[in-house]
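**Q** I would like to see how this sequence folds:
(2 chains, ligands or ions: 2)
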Amino acid sequence: MSEHPVSALETISSQPLSAYDPSLLLEMFRRMTLVREFELRAIEERRNGLIPGFIHPCVGQEATAVGACLALKQDDVITSTHRGHGHLIGKGGDPRYMMAELAGRSTGYCLGRGGSLHIADFDLGMLGANGIVAGGIPIAVGAGLAFHLRGEKRVALAFFGDGAVNQGAFHEAANMAGLWKLPVIFMCENNLYGEGTPQHKQAPIADLARRAEGYGFPGVIVDGNDVLEVYEAVRMAAERARAGLGPTFIEGKTYRQRGHYEGDPMVYRTQEEMEYWKARDPVVLFRRRLLEAGVFDAQTLDKVHQDVLHQLDEAVAFAKSAPIPGPEEALLGVYGDTHNGLVF
Amino acid sequence: MREITFAEAIREALREEMHRDASVFIMGEDVGVFGGVFGVTAGLYEEFGPDRVRDTPISESAIVGGGLGAAMMGMRPVVEIMFGDFLMCAGDQIVNQAAKARYMSGGKAKVPLTIRVTTGAPGSAAAQHSQSPESWFMNVPGLKIAVPATPADAKGLLKTAIRGEDPVLFFEHKMLYAVRGPVPEDPDFTIPFGAANLARAGRDLTIIAIGGMLAKALEAADALSQEGIEAEVIDPRTLVPLDKDALIRSAAKTGRVVIAHEAHKRAGPGAEIAALLAEEAVEYLDGPIMRVAAKNVPIPYSPVLEEEVLPGVDDILAAARFLMGGAKA
Ligand SMILES: Cc1ncc(C[n+]2csc(CCOP(=O)(O)OP(=O)(O)O)c2C)c(N)n1
Ligand SMILES: [Mg+2]
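**A** Ligands and ions are numbered 1, 2, ... in the order given. So this is what the prediction gives:
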């Protein structure tokens, strides 16, 4: 069974719940619930035929997405991956435009051109999901470079998986960011698998945060299913970055509860393993913790859940009634200058 | 002859070559335990073990470069790059290293390396999982490029690639994997590179169809036949080397040429073929050489947009009818 081994690296723990503003805690819960329910709804609507393409749900990884994004400021930016819905929602993405994009509609985030794999909202600082493993990491370094050059106290955070740290693009980007002390956060969501191949068959080390050492910046490990640990680690890394001290690598140890893509037969892992991780479900754990600490009562959290479900009903209705792009739209938007539309 | 799928034909070629030659091995992402994301290598891990069917990290550059180095040392690697789009992650190893190693070293380096890779649009996979990058590599001397369109060709060409002496990019269209067809069982059945397949004889025009477009060209030819137009359909099967004699012969016979491929039109394989025919066969031609290809737009996600960008049977019909004197569509 795949499990994260005990680590010798620096780990970060969260503060007691009482140290956090209750409105932040409630927003964390709301966004995590929205990510979870968005994914489940997208899966359902794909089955119903509303969504034509593949989706890579992040069920089980809500804490890394939401914890990291909420620790950033509004004008900080992120780059994302093929498993990007949670990252966009974490940054404040609107499920209506997301659902419309997944449905390939004109009013979707990318006008129906990109779909799930390329979803982006630059207004929210979400620079794009990505179809290429590790493709977004150098882009985050470039964003950090721009902030550095302009003297802006902004941060760029790259989300990527455990599989991506074996790509040349990761290593080149990490070295450059370390060398130039750029305001970049390398946020690794180690979910123990890259497609059907377990992490331990893809790299000779289990603690991927150790890779940071070779590039001259700190690597820290958090329980990726604990939203507050993720939040603390990213908050500290962002402070470091804004102070001009350079990048941080954060490894969140987590698990993807569903298939690599929706429809994946998942022959490569056992029922036992999946049960083990279901018992460590980040949304359930956080809800329990909020209740046990008496920060909120069940009624309040149930209401949040109900509101999220309602919001998703609206998102699906929006997507269903959104216009389907006409063939004449296909040739638009390739270039930004006056050649726009002239694509022969 | 028994019929098997395109995917099974490839698997059979791999199996047979691995039995025949101990220096043949496979590596790539999820090719082992998982059997390949398209299931092509299913069962080979169980049969040949983890050494010869190697799951790799997500490291395209090292997959191709690792194959190259092993080939230089006398192995015959068959490496898999999951999507043609990801070839660019291995771009240097393919273009600057593998392609040129033999020539630059004065013949010291031998590179019997096969790079299997998927190509084409599987439907709503968007701009980074739908490309047909064959012609990006036609401009690189030293690479051979195979684009099989039938199960038999897939088997025969792959065996030729594995037994050959040069780096081969072997493009497998994702939508062909499930297609069935007759495939010889003889373990020494091979198809030479540079030998086009005359898929259908005709007198009125020639459709040169590449990879996934062969079936569409044949469908178009059937429809044209109803209108009294007899199209000849030729599949070059390999783009490098290219069987130019067969293409010129057919152009000379019919005087009209349509070239169909799923790659983008601008500088796609058709550009090279059209230029060649313009240089060497223009005196036989009764009209312009027509290209049916993907429009010059990144492949969109939304189905209506995607259909507009990708070439289809209707586009072949329109080009053919225009050449036969109809109006330009
Ligand atoms: C360059 C490249 N190689 C291969 C793939 C195919 N692929 C898509 S996702 C994936 C696994 C990625 O694993 P990881 O980085 O751990 O992310 P996860 O899927 O676990 O979120 C692979 C191999 C790709 N998209 N891009
Ligand atoms: Mg992973």
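
**Q** alpha carbons only for contacts and neighbour counts from here, please
**A** Will do.

**Q** okay, strands next: where are they in the stretch 101-250 of chain B?
**A** For the stretch 101-250 of chain B, applying DSSP state E, counting those that start in this stretch gives strands covering B:114-119, B:144-146, B:168-173, B:180-182, B:197-200, B:205-209, B:231-235, B:238-240.

**Q** surely A:Tyr97 meets A:Tyr109?
**A** Yes - the pair A:Tyr97 and A:Tyr109 qualifies as a contact (C-alpha atoms under 8 Å) at a distance of 5.2 Å.

**Q** now residue 198, nearest residue through space, not along the chain?
**A** No chain was given, so I picked chain A. A:Leu192 (5.8 Å; C-alpha to C-alpha, 6 or more residues apart in numbering or on different chains).

**Q** I was thinking of chain B, sorry if that wasn't clear
**A** Closest to B:Leu198 by C-alpha to C-alpha, 6+ apart is B:Ile234, at 4.7 Å.

**Q** the one you found and A:Val66, how far apart?
**A** 55 Å (C-alpha to C-alpha, to the nearest Å).

**Q** more neighbours, these two?
**A** A:Val66 (29 against 24; other C-alpha atoms under 10 Å in any protein chain shown).

**Q** the helix or strand containing that one: how far from the chain's middle?
**A** Element membership for A:Val66, per DSSP states H and E: helix A:62-70. Chain-centre distance of helix A:62-70: 7 Å, with C-alpha atoms, centre = their mean, to the nearest Å.

**Q** for it, packing partners?
**A** Applying 3 or more C-alpha pairs under 8 Å, 6 or more residues apart in numbering or on different chains; DSSP states H and E, we find helix A:62-70 packed against helix A:22-47, helix A:85-90, helix A:227-242, helix A:282-292.

**Q** touching ligand 1 at all, it?
**A** No - for a cut-off given as C-alpha under 6 Å from any ligand atom, helix A:62-70 has no contacts with ligand 1; the smallest distance is 11.5 Å.

**Q** how many residues are close by B:Asp186?
**A** Neighbours of B:Asp186 under the rule other C-alpha under 10 Å: 8.

**Q** that one and B:Lys216: what is the separation?
**A** On the measure of C-alpha to C-alpha, B:Asp186 and B:Lys216 end up 29 Å apart.

**Q** please name the bridge partners of the residue nearest to B:Leu198.
**A** Taking DSSP bridges as the rule, B:Ile234 bridges to B:Leu198, B:Ile208.

**Q** which bits of chain B sit near ligand 1?
**A** B:Ile58, B:Phe86.

**Q** so who does whichever residue of the stretch 51-200 of chain B sits closest to ligand 1 touch?
**A** Residue nearest to ligand 1 within the stretch 51-200 of chain B: B:Phe86 (5.0 Å; C-alpha to the nearest ligand atom). Counting by C-alpha atoms under 8 Å, 6 or more residues apart in numbering or on different chains, B:Phe86 makes contact with A:Ile132, B:Glu60.

**Q** surely it is in a helix?
**A** Yes - counting by DSSP: H, G, I helix; E, B strand; the rest coil, B:Phe86 is part of a helix.

**Q** so how far is ligand 2 from it?
**A** Using C-alpha to the ion, to the nearest Å, B:Phe86 is found at 18 Å from ligand 2.

**Q** try B:Asp235
**A** When B:Asp235 is compared with ligand 2 (using C-alpha to the ion), they lie 41 Å apart.

**Q** check B:Asn96 too.
**A** In terms of C-alpha to the ion, B:Asn96 sits 31 Å off from ligand 2.

**Q** can I take it that that residue is in a strand?
**A** No - counting by three-state DSSP, B:Asn96 is not part of a strand but helix.

**Q** what's the burial count for it?
**A** That count, for B:Asn96 with other C-alpha under 10 Å as the rule, works out to 12.

**Q** please apply the same query to B:Pro192.
**A** For B:Pro192, the count of nearby residues is 17 (other C-alpha under 10 Å).

**Q** contacts only, for it.
**A** By C-alpha under 8 Å, 6+ apart, the neighbours of B:Pro192 are B:Gly156, B:Leu157, B:Thr160.

**Q** the strands in the stretch 51-200 of chain A, which residues?
**A** A:77-79, A:156-161, A:184-190, A:193-194, A:197-198.

**Q** go through stretch A:322-332 and flag the buried ones.
**A** Within stretch A:322-332, the residues that count as buried by 16 or more other C-alpha atoms under 10 Å in any protein chain shown are A:Ala322, A:Pro323, A:Ile324, A:Pro325, A:Ala330, A:Leu331.

**Q** gap between the two ends of it?
**A** Start-to-end, stretch A:322-332 (C-alpha to C-alpha) is 19 Å.

**Q** what of stretch A:203-213?
**A** Its start and end residues considered, stretch A:203-213 measures 16 Å (C-alpha to C-alpha).

**Q** is ligand 1 within reach of it?
**A** No - Stretch A:203-213 lies apart from ligand 1 when judged by C-alpha under 6 Å from any ligand atom; the minimum separation is 11.1 Å.

**Q** and the helices in the chain?
**A** Assuming you mean chain A. With DSSP state H as the criterion, chain A has helices at A:22-47, A:62-70, A:85-90, A:95-102, A:137-149, A:168-179, A:227-242, A:271-278, A:282-292, A:298-321.

**Q** wrong one, I was asking about chain B
**A** Using DSSP H, the helices of chain B run over B:6-20, B:44-52, B:60-72, B:91-92, B:99-104, B:151-163, B:213-226, B:244-254, B:269-280, B:303-309, B:313-323.
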